[in-house]
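Participant: this one's structure only:
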């Protein structure tokens, strides 16, 4: 029994579609893994890098930096970490420029600046981080009244001082 020409054509079209779908899926997977690799390697190269956590797909989700300056924070921002939710910067010294850089990481949920010194006048800028749920300012030398004023600006954020 011979298969009609229409059925052969339909099977050929279906097979081409499935092959194209598999090829597209492979390209998407390769792009995801490349992005994750690029993120991980760019963060690990930052002086002061301590550790990072990744999502199940390998995207950088959390970064811990120690003893860094504004320049390292700038490199972190340039790494374009779209999945970064948690940032810990400890025992560091930042200027207004460093705080401005941190404020560009607008997907942060947790920011720990414990033991990091920065100008008291820059504290209010942290209210720009609209997704922030927790902010740790312990041992930063920030007066209590400044923290209270910040808490009024971002009441949905738990601030530790």
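Facilitator: Yes, it's here. Bear in mind the structure is a predicted one, so any value in this text is a computation, not a measurement. Residues are numbered from 1 along each chain as shown.

Participant: so what's the most centrally placed residue in the chain up against?
Facilitator: Nearest to the geometric centre of the chain sits residue 84, at 1.6 Å (CA atoms, centre = their mean). When contacts are counted by CB atoms under 8 Å, 6 or more residues apart in numbering, residue 84 touches 60, 61, 62, 63, 105, 107, 108. For the C-beta atoms, the positions are set from N, CA and C on the backbone; glycine is no exception.

Participant: what about 7 Å?
Facilitator: 60, 61, 63, 105, 107, 108 (CB atoms under 7 Å, 6 or more residues apart in numbering).

Participant: Look up how far residue 26 lies from the nearest residue to the fifth one once chain neighbours are set aside.
Facilitator: In other words, residue 107. Setting aside the residues directly before and after it, residue 107 is nearest to residue 131 in space (CB to CB, 6 or more residues apart in numbering), at 5.8 Å. As judged by CB to CB, to the nearest Å, residue 131 and residue 26 stand 33 Å apart.

Participant: do residue 9 as well
Facilitator: Going from residue 9 to residue 26 by CB to CB gives 26 Å.

Participant: average pLDDT for the host helix or strand of residue 149?
Facilitator: For residue 149, the element it lies in under DSSP states H and E is helix 144-153. Taken as a whole, helix 144-153 has a mean pLDDT of 96.

Participant: Starting from that helix, tell me the next helix or strand along the chain.
Facilitator: Sequence-wise, the next helix or strand downstream of helix 144-153 (DSSP H and E) is strand 158-160.
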